[in-house]
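> Mind folding the following:
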Amino acid sequence: MKNLEFLRELNPAQAEAVKTVFGSLLVIAGAGSGKTRTITCRMAYLVAQGVPPEKILLLTFTRKASKEMIKRAESLLKMDCDRIMGGTFHSLCQYMLRFYGHLLGYKPNFTILDRGDTEDLINLLRNSLGLAERKKRFPRKDTLANIYSKMINQQKGLEEILTSEYPQFLDHYHEIEKLFVEYINYKREHQLMDYDDLLLNWLEILKNFPQVRKEVGERFEFIMVDEYQDTNILQGEIIKYMGEIHKNIMVVGDDSQSIYGFRGANYKNIFEFPKLFPDTKIIKLEQNYRSTQRILDLANAIISNSEIKYTKNLFTFKKEGKKPVLFKAKNETESSKFVADRILELREKGVKLSQMAVLFRSAYHSFDLEVELTKRGIPFLKYGGLKLLESAHVKDFVSFLKIISNPEDFLSWHRVLLLLEGIGPKSTEKIINYLKQNSSNIPHALEKLTFQFLLKEFKELVVFLNEMWKNKISPSETLLNVWNFYKPVFERVYYEDYYKREKDIEGLIALSEKYDTLEEFLTDLVLEPPEISDVEKPVKDEDFLVLSTVHSAKGLEWHTVFIISLIEGRFPSIYSINNEEELEEERRLFYVAVTRARENLFLIAPMTVYIPDEGKTLAKLSRFIKEVPSSLLEYYREKTENIPSENGKKFKVGDMVKHPHFGVGEVIEILSSEKIKVFFEEKGSTLLHLKYTNLEKLI
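Residues are numbered from 1 along each chain as shown. Below is the predicted model of the structure:
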């Protein structure tokens, strides 16, 4: 028996979940209740009991999460666990489809379309069908991609989606239906799959091929799924079929943290699981290791108003702590000043900026605050930003790689050909049509085309690609070769700022060094695209405040959390107010925001806001605040004490004052009858310094 010392660190509920090896198990893991530790320990426990690591499958929300959990299991056991299969549903499906996709007519080197590719392909087909030329406005490519994805993920028909969410396009029902049929056929003909196809096609194989279900059941005898509340209908069915033979499935999740309905997540999956597997054992993890009890009391009160839930009550042994603070600001300017003041106060007390976060429902809610932070010289990082793969130069670069991997990826051909000098849309169409007709031998077809298209860059491309197809080299060497070919084109196309964009390509080349095959690199790039900040991170020694949407903050925690714009129409969102199900998701989103805080929680509501075309408008406090007992909150009121100076003038917050050494500054807070707090701006610098100053030194 391997060392099981790690079991001693678990509380009784966690230990029960870890030791329940056989049969179906549903673990309801409250926020901060140590679910990662529980999953990690269960993996280690299974291996310690003699289960071969390759028989274990771990499905998580991100590939990074699964890798970290497997590493932790290794450190607990002091042995190698890298044969445990870990990843996301999409990465699992693409992996299995490389082996079994032939049952649906796919070759192992099919190309995966990212979201941008999907939109581009829909747009190509939209134009070829003449739908973009109609007098009555036809949906844009991104809207069409959304409609299609919702149909797949929610398993609903086109008419139902249009009626409930896009009624303005019901008149176009038949044209949209025709477009989607073309889209499906095009993908099948050209060995392409989008994100949704990965789930759909793997599920189709599981449903229709009992032998595959048997093989998969024997291969993965123990299945664990994290964040089960965020799975969609297709993912729930995939789990049902993959676990059909042995039923050794543990799913972990928190119905109170299901916040991805807009992506097609179906929070009801977590309630349906015991129906799929009737002998399911349910264990609740309620002991919280993150927050103080006063923060948890607020969280429990918020979620108690939810209509459908697994009843649980978060508790902790951290009984001391401050009540969450509610500040009703006069407007957004006062709200931003309040947040900046508290941040600087806490930093003075030793709390690092990186241990503080400002959370909001939508990215635009922080615009006013960003101006204030910049004015005060407080550095910050904002999350929920641009993905690296969304930038045009990276999409160009990756298109070359996709052609090398799959010469029949004609969508990538379209992008690459249009980059070349002398080749426009008509020439591109002719070249692609010829390649399609001769798809059995594309290298030979390209050679023939060089006699028709006597263009220098086109000939160079043909020579380059034929070389790449002949020689089997590592992914990083492939990327370097592509970069050498693409660089002159890149410098011509992005002449204005190519030197800024170069770093992104260099970052991709560095990322590729850890991969054995180009297909593996491209798959990871599409399924989990890195953020731009992953390639070019800020200086490590610098300390940054975190600004984040609540969705991007899920799974994270900070010493101090500020939640801003807690007013009706913002949190909850205006779009959810008349939809009971969406309103419930907004409540869960607020619960997630509150449970990110360890020690301090500030709730801020500006009571007047500016609305375009309407001007200043009175705001209503968020219903989620009104619903909780007032005894759980501390109500903050700005001090407005007027202090007389030597010459009889009265100072108040917001006054501009002068100091003989520091120049002009603004009164931020009245501290006492002798002292006030003032910000002074250094001459010729945007950096602002906080000073506590005696009254008599002010002019």
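> from here on, contacts and neighbour counts on C-alpha atoms
Fine.
> Residue 635: which element?
Here residue 635 is covered by strand 634-636, with elements defined by DSSP states H and E.
> what does that strand rub up against?
323-328 (Cα atoms under 8 Å, 6 or more residues apart in numbering).
> Filter those down to just the ones in strands.
Among the contacts of strand 634-636, the members falling in strands (DSSP state E) are 325-328.
> before we move on, the earlier item: of the contacts of strand 634-636, keep whichever come out buried.
323-328 (16 or more other Cα atoms under 10 Å).
> of all the residues you listed, which comes closest to residue 260?
residue 324 (26.2 Å; Cα to Cα).
> If the closest residue to that closest one other than its chain neighbours is in a bridge, with which residues?
Counting by Cα to Cα, 6 or more residues apart in numbering, residue 324 lies nearest to residue 601, which is 4.8 Å off, once chain neighbours are set aside. Residues in a beta bridge with residue 601, per DSSP bridges, are residue 561.
> Without its sequence neighbours, what residue ends up closest to residue 177?
residue 158 (7.4 Å).
> ok, that neighbour - contacts?
Here residue 158 is in contact with 147-148, 151, 173, 177 (criterion: Cα under 8 Å, 6+ apart).
> any low-confidence regions in the stretch 51-200 of the chain?
Residue ranges of the stretch 51-200 of the chain with pLDDT under 70: 133-136.
> For it, which segments count as strands?
56-59, 85-87, 111-112, 192-193 (DSSP state E, counting those that start in this stretch).
> Which of the ones you listed sits closest to residue 127?
Residue 127 lies closest to strand 192-193 among the strands of the stretch 51-200 of the chain, at 19.6 Å (Cα to Cα).
> So which elements touch the closest one?
Helices and strands touching strand 192-193, by 3 or more Cα pairs under 8 Å, 6 or more residues apart in numbering; DSSP states H and E, are strand 111-112.
> close enough to count as contact, residue 608 and residue 619?
Yes - if you go by Cα atoms under 8 Å, residue 608 and residue 619 touch, sitting 5.2 Å apart.
> Output the contacts of strand 634-636 in TSV; the columns should cover distance to residue 94 and pLDDT.
Output for the contacts of strand 634-636, formatted as TSV (distance: Cα to Cα, whole Å; pLDDT from 0 to 100):
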residue	distance to residue 94	pLDDT
323	48	93
324	45	95
325	47	94
326	47	94
327	49	93
328	50	91
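> Which of those sits closest to residue 252?
When the contacts of strand 634-636 are compared for distance to residue 252 (Cα to Cα), residue 324 wins out at 28.8 Å.
> separation between the closest one and residue 630?
According to Cα to Cα, to the nearest Å, residue 324 stands 11 Å off from residue 630.
> Ok, residue 396 next?
55 Å.
> Mind checking which of the two has more residues around it?
Set residue 396 next to residue 630 and count neighbours by other Cα atoms under 10 Å: residue 396 wins out with 18 against 12.
> Give me the packing partners of the helix or strand containing the more buried one, helices and strands only.
Using DSSP H and E, residue 396 sits in helix 392-405. Under the contact definition 3+ Cα pairs under 8 Å, 6+ apart, helix 392-405 sits against helix 410-419, helix 456-470, helix 475-493, helix 498-512, helix 518-527.
> Contact partners for residue 556?
residue 596.
> Next up, identify which helix or strand it is on.
Counting by DSSP H and E, no helix or strand carries residue 556.
> To which secondary structure element is residue 245 assigned?
Applying DSSP H and E, one finds residue 245 in no helix or strand.
> Can you give me the neighbour number for the nearest residue to it once chain neighbours are set aside?
The shortest distance from residue 245 to any non-neighbouring residue, by Cα to Cα, 6+ apart, is to residue 217 (6.0 Å). By other Cα under 10 Å, the residues close to residue 217 number 21.
> ok, residue 217 - contacts?
242-246.
> Tell me if it really is in a helix.
Yes - according to DSSP: H, G, I helix; E, B strand; the rest coil, the state of residue 217 is that of a helix.
> any idea how far it is from residue 252?
For residue 217 relative to residue 252 (Cα to Cα), the value is 20 Å.
> if I've got this straight, residue 321 is in a strand?
No - the assignment for residue 321 (three-state DSSP) gives coil, which keeps it out of a strand.
> Can you give me the neighbour number for it?
14.
> again, but for the one 10 residues further on
Residue crowding around residue 331 was assessed by other Cα under 10 Å; the count is 19.
> same check, this time on residue 292
Around residue 292 there are 23 residues (other Cα under 10 Å).
> What does the nearest residue to residue 277 once chain neighbours are set aside show for phi and psi?
Computed as Cα to Cα, 6+ apart, the closest residue to residue 277 that is not its neighbour in sequence is residue 24, at 6.6 Å. Torsion angles at residue 24 (phi, psi; degrees, to the nearest 10) stand at phi -90, psi 140.
> got it, and residue 570?
phi -110, psi -50.
> just residue 599 next, same as before
phi -120, psi -50.
> residues touching it, list them.
By Cα under 8 Å, 6+ apart, the neighbours of residue 599 are 291-292, 295, 321-322, 559-560.
> Could you tell me the model confidence score at it?
For residue 599, the pLDDT comes out at 95.
> go on, residue 384?
Residue 384 is given a pLDDT of 57.
> Residue 334 now?
90.
> That one - how many residues pack around it?
Using other Cα under 10 Å, residue 334 is surrounded by 14 other residues.
> One more: residue 289?
16.
> show me what contacts it?
32-34, 316.
> ends of stretch 18-38, how far apart?
For stretch 18-38, the first-to-last residue distance is 6 Å (Cα to Cα).
> Among the contacts of strand 634-636, find me the one that's closest to residue 265.
Each of the contacts of strand 634-636 was scored against residue 265 by Cα to Cα, and residue 324 proved nearest at 30.6 Å.
> gap between that closest one and residue 554?
Going from residue 324 to residue 554 by Cα to Cα gives 20 Å.
> And residue 247, by the same measure?
30 Å.
> Give me the more crowded residue out of those two.
Neighbours per residue (other Cα under 10 Å) separate residue 247 from residue 554, with residue 247 holding more: 22 against 17.
> SS state for the more buried one?
coil.
> Model confidence at it, what's the number?
93.
> got it, and residue 373?
89.
> before we move on, what SS does it have?
Applying three-state DSSP: residue 373 is helix.
> quick one: the spatially most central residue of the chain and residue 559, what's the gap?
The centre of the chain sits closest to residue 552, judged by Cα atoms, centre = their mean, with a distance of 5.5 Å. Distance of residue 552 to residue 559, computed by Cα to Cα: 17 Å.
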